[in-house]
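J.: Here is my input; please provide its structure:
(2 chains)
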Amino acid sequence: MNSWNFLSILITLMIFLPIFLIIYNFNIESDNWAHIRENLLGKYIFSTLYIVLGVSVLSTIIGVGSAWYVTCHEFRGRKTLEWILILPMTIPTYIAAYAYYDILELLNPIFNWFRINIGIKETMMVESFLIYLIVIILFSFVLYPYVYLSVRASLLISGNRLIESAITLGLPSNKIFKKLILPSTKPAIIAGLSLVIMETLNDYAAVEYFGISTLTIGIFRSWFGMYDMASALKLSSYLILFVFSILITEKIIRGKERYNNINGSQNTFSKIPVKNKKIFLVFILCFTPFIFGFLIPFVRLLTWLLYSSFNFEDMNIVQISFNTIFISLIASLSIVCIAFTINFVKNYFNNRIVRKISELAILGYSIPGAIIAIGILKLNSHINTSFNILIIGSVFGLVFAYGVRFLAVAWQPIQSSMKKQCASINHASRVLSASSTTSLFKINLPILRKPLLIAALIVFIDVAKELPLTLILRPFNFDTLATYTYDLINQAQFFQSSLPSLLIIVISFPAIYFINRNTRDEL
Amino acid sequence: MVEFENIVKYYGKQRVLNGLSLSIGKGEIVSVVGSSGSGKTTLLRILSGLEIPELGNIILNDAVVNSSDIFIPPEKRNCSLVFQDYALFPNMTMLENIYFGEGSKNNKEIVSELIHVTKIEKILNKYPHECSGGEQQRVALVRSMATQPNVILMDEPLSNLDFHLKSKISLMISEIIRRYTTTAIIVTHDIMDAMKISDRIIVIDNGIILQDGSPKEIYDSPISKLVARYFGETNFIPLELYPESNHHIIYSNDEEPLIHVRPNQFQLFSQKNSKGKLIIEGKIKSVKNIASDLHIFLECQDIHLDIHLILSVEKDLKIGKILKVMA
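T.: Numbers count the residues shown, from 1 in each chain, chains lettered A, B, ... in the order given. I've put the predicted structure just below:
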C-alpha cells in the first residue's frame, strides 16, 4: 500500500472516530438514564418521529409539485420561479422559527375560545397538536428545496424524452405525472427527502423555541443541563440508529434504481403548455412556497432591522461577521482539500480497501451536529490532557467537527465530477508513466476547478448556518452569526437578532445563485 | 514479449476472463476481436495494470508484472494505452498532451516525425475541444508512441470515426506501428478494422480464446460456426450432401460436419470450370443490387437450404428464376 492510500485511510478513520466512539460507548453507565428512559425517552422518540413524518410528507408534496410545474410546463413567470424557489435554502430553520415567533399569539383568541367553551385539557391537546403542525409546516417550507433541486435535476436529465414520448402517445398532463414522472423521479425524491430528514433531525434551536422535545433536544439537555455525557451518548446512539434505519430504508427503496439517463438535451426540452385558465392557479401554487419559505421571514427580518437601534461598536457585529467568514472559509477549504484528495486516491489507485473505508468518511452528514459534538467531546476525554486543548475550545477542534459533519457535502459534487471528467484521463496519465502528484496538480486540479469551487461554496453556506455543533464546540468568547442570533433570541432581543440573521442570508445568497447557475449548466 | 498465463478475472460474480493464455512476440500487431462483454477490453486493462486479475501471471519483456505476489503498477510498465474516448487532457494543448508522458521529451526526433506522418502540425497549439475526432485520435496515438512504449495497446481506436476517416487512419496506424517495430495489441469489434491493421487475429468469447491465426486463416478456415459468422455472412452446408467437396469443413461435437462457403466464393455455373466444384441449383427467392454486386438468396429445395450468394455479374436475374451456381 502506497503512502497516498495510507494517508486516505488514516484521514477517513480520524473523521469516523467520533461517530465510532458514540456507538462504542452505548453501554456506559449513567445515574440519570433510568429517569430519562422511563419518563422522557418515549416522548423524545414520538416527537422526533411525528415531526420527521410530517415534514417528509409535506416537503415532498411541495418539492415534487413545484419541480414538476416549473421544469416541465411552460407559463409566464416560470423562469423566475425556477430560481426563486431555491431561496428558502438560505434561511436556516431556527431563523424561520424566530421570524414566525408570534404566530402562536395570533392563535390566542382561538385557544381562549376553546378554553372557555370546551375545557382546559382539550385546549392543551389542541394547542400541542397545532404547535407540532406549525413546526411541520415551517420546516417543510424551508427545507423543501432539497427535494425540489433533486427532482428538478432528474427531470432536466431525462424529463424531456419522457414528456416528448408521452405527448406523442397522447397522454394528458395528469397521467404523465402519475405514470411517468413520479416513478421515474423516485430515486431523486428519496435522495432529496433523506437530506430533508437529516436537516430536520439536526435542528435544535427551532424545536427548542416551540417547546418540542425531540431526541436532539434530549442530547442537549443531558449535556448542557446535567453534564451527563453517558446519557447524551445513549440518546445519540438512539438517534444514530434512527438515522441508519432511514439510510438503509432509502437504499432498499431505491434498490438498483438510478436516474433514468435517457439521452436528451435540456436545450430542446419540450414543455407542456399550461392552459390560460390554469396559469394563475399554477403560478400561485408555485409562488406559495417561496412566500412562506423566504419572503415572509426575510421581510420580517428587514422590518425588525428598521425598528432595531443598532450600535455597531457595542454589538461587535463586524468581528462576529469576520469570525463567521473566517471559520467558514477555513472549514470549506480544508474540507474540500480532504474530499478532493481522498476521491483522487480512490479514483487514481482504485484500491479496494480505500474504496470501502472511504464510505465511512461521509456518514457524518447524516448525523446531527449535536451528536458529532458529543462524539468529539468523548474523543477529547480519551486524549492526553496536554493535547486536548487542541480539540476543545479551539478553531482546529471546530474545523475538525465541521469536517466530520460536512465532508459528505463536498464529497458528492467532487466525486461525481471526478468520475465523469477524470476517470479515463487518470488512467491515461498512469499508462503514460506520469507520477500521481503530476496527475493530481496538472490534470485533476485544473479540470475540477469549477466543481471544487461549488463544493467549497456549499460547505461555506452550511458552516455559516450551522448552530448546534458550533454552540457546543466553539472556542471561548468566539461567536458566529448563528450563535449570536441564538443568544440574542434567548435574551428576547428579536429586533437586534435581525441583523445577524439577515447577514447569514446575505452571505448565502450569492453562493446559492452561483451554485444554481453552474449546476444547471453542468446537467 | 507479452505472455498471459491462465488469466482469470471477475467483475462481481461475473467471470470475464476464464483462464486465458496467450503469447505475443516482439513487433507483432495483434487484434483481439469479440462481441461486447467477451473480455477483450479487460485483457488490455489487465496488461496495462489498470485492472488486477484474480489469478494468473503476466510477463512483459521477460519480467513478471503480475502474479499472485507481484503487481507492477501501470506507471512502471511502459505499456501505452490509446483509449476509446482518446482521454486527451482537456486543460492542455495538443502539444502539451503529446509531451505529457514520462520520457517523451527525450524522444523529440521521433515525436517530430510522428507529428509529420500523422499530419497534425497545424493543431498542436489547439485544445482537444477545438479539434475533430480524427485529429484527437491521431494526437492520442502520437502521445502513446511518444514514450516509446514496450507495447502499445489500443481500445477500439476507430470506433468513433466515420467511414472515410476510418480507412485512412487504420492505414496510418499500421504504418506507424510497423515503422517503429512496436508491439501492438488492438481491441476492436469491427472485423474489417482488424483485418486491415493486424498480422494476427485472436477471437475471444466468454473470456476464452476461440481461434488465433492470421486474418486470412481465420476468414477462410474458421474453427466454429460462431467464428465463421463473426467474420461476416456465410453459408453452412452439411458435408454429407457434398462429401467430395474441397471447401473448408467445420467440425463440432454436437453437430454434423459442415462445409463453410462465403457468399462471394460463388460464381455462375460454367461446365468448363466446374470440375471438383460444389454445384448448387435453386430458385431465386430475392435479389438485391448493392453497389456493383447482386446479393441473391437461393431456395434449394433438393438440399432443403437457403443459400446466400454475391455475384459480380451484369445479368437479368428475376425472382422465381432457376439459377445454377458453383463455388
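
J.: tell me, what residue is most central in chain B?
T.: In chain B, the centroid-proximal residue (C-alpha atoms, centre = their mean) is B:Ala194; its distance is 2.8 Å.

J.: give me the number of residues near the closest residue to that residue other than its chain neighbours?
T.: If the residues on either side of it in the chain are set aside, B:Ala194 comes closest to B:Ser31, at 3.6 Å by C-beta to C-beta, 6 or more residues apart in numbering or on different chains. (Each C-beta comes from the backbone N, C-alpha and C, glycine too.) As a burial measure, B:Ser31 scores 25 neighbours (other C-beta atoms under 10 Å in any protein chain shown).

J.: same question, A:Ser424
T.: If you count neighbours by other C-beta under 10 Å, A:Ser424 ends up with 17.

J.: Skip ahead from the helix or strand that contains it and say which helix or strand is next.
T.: For A:Ser424, the enclosing helix or strand under DSSP states H and E is helix A:395-431. Where DSSP H and E defines the elements, the next helix or strand beyond helix A:395-431 is helix A:436-438.

J.: who in the stretch 351-500 of chain A is up against chain B?
T.: Selection of the stretch 351-500 of chain A residues close to chain B by C-beta under 8 Å from any C-beta of the partner chain yields A:421, A:424-425, A:427-436, A:442-443, A:446-447.

J.: Could you rerun that using 10 Å?
T.: With C-beta under 10 Å from any C-beta of the partner chain as the criterion, the stretch 351-500 of chain A comes near chain B at residues A:352, A:421-436, A:438-439, A:442-449.

J.: Check those residues for burial and list the buried ones.
T.: Among these, those classed as buried by 16 or more other C-beta atoms under 10 Å in any protein chain shown are A:421-422, A:424-434, A:436, A:439, A:442-444, A:447-448.

J.: List the residues that contact the residue nearest to B:Ala194.
T.: With C-beta atoms under 10 Å, 6 or more residues apart in numbering or on different chains as the criterion, the residues that contact B:Ser31 are B:40, B:154, B:184-188, B:190-191, B:193-203, B:215.

J.: and those, which of them are in helices?
T.: Among the contacts of B:Ser31, the residues falling in helices (DSSP state H) are B:40, B:191, B:193-197, B:215.

J.: Just the buried residues from these, in ChimeraX please.
T.: For anyone working in ChimeraX, the buried entries among the ones in helices among the contacts of B:Ser31, judged by 16+ other C-beta under 10 Å, can be selected with:
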select /B:40,191,193,194,195,196,197,215
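
J.: quick revisit: within the sheet, what are the partner strands of the host helix or strand of the residue nearest to B:Ala194, with directions?
T.: In this assignment (DSSP H and E), B:Ser31 forms part of strand B:29-33. Paired strands of strand B:29-33, with direction, are strand B:183-188 (parallel), strand B:200-205 (parallel) (DSSP bridges).

J.: model confidence over the last one, on average?
T.: Meaning strand B:200-205. When pLDDT is averaged over strand B:200-205, the result is 94.

J.: Please apply the same query to the first one.
T.: Mean pLDDT, taken over the full extent of strand B:183-188, equals 92.

J.: Could you find the closest non-adjacent residue to the most centrally placed residue in chain A?
T.: A centroid search over chain A (C-alpha atoms, centre = their mean) returns A:Glu199, at 4.6 Å, as the residue closest to the centre. The shortest distance from A:Glu199 to any non-neighbouring residue, by C-beta to C-beta, 6+ apart, is to A:Leu143 (5.4 Å).

J.: in the chain, what spans have low per-residue confidence?
T.: All of this refers to chain A. A:104, A:254-270, A:310-315, A:384-390, A:519-523 (pLDDT under 70).

J.: look at chain B instead
T.: Judged against pLDDT under 70, the low-scoring parts of chain B cover residues B:314.

J.: Got the domain ranges for it?
T.: For chain B, automatic domain parsing gives the domain ranges B:2-220, B:233-326.

J.: Now do residue 119: how many residues are near it, please.
T.: You didn't say which chain, so I picked chain A. Neighbours of A:Gly119 under the rule other C-beta under 10 Å: 11.

J.: nope, chain B please
T.: The local packing count at B:Lys119 equals 11, with neighbours defined by other C-beta under 10 Å.

J.: Am I right that it sits in a strand?
T.: No - residue assignment for B:Lys119, taken from DSSP: H, G, I helix; E, B strand; the rest coil, gives coil, which places it outside any strand.

J.: quick one, phi psi at the nearest residue to it once chain neighbours are set aside?
T.: Spatial nearest neighbour of B:Lys119, chain neighbours left out: B:Arg138 (7.6 Å); criterion: C-beta to C-beta, 6+ apart. Here is the backbone geometry of B:Arg138 (degrees, to the nearest 10): phi -70, psi -40.
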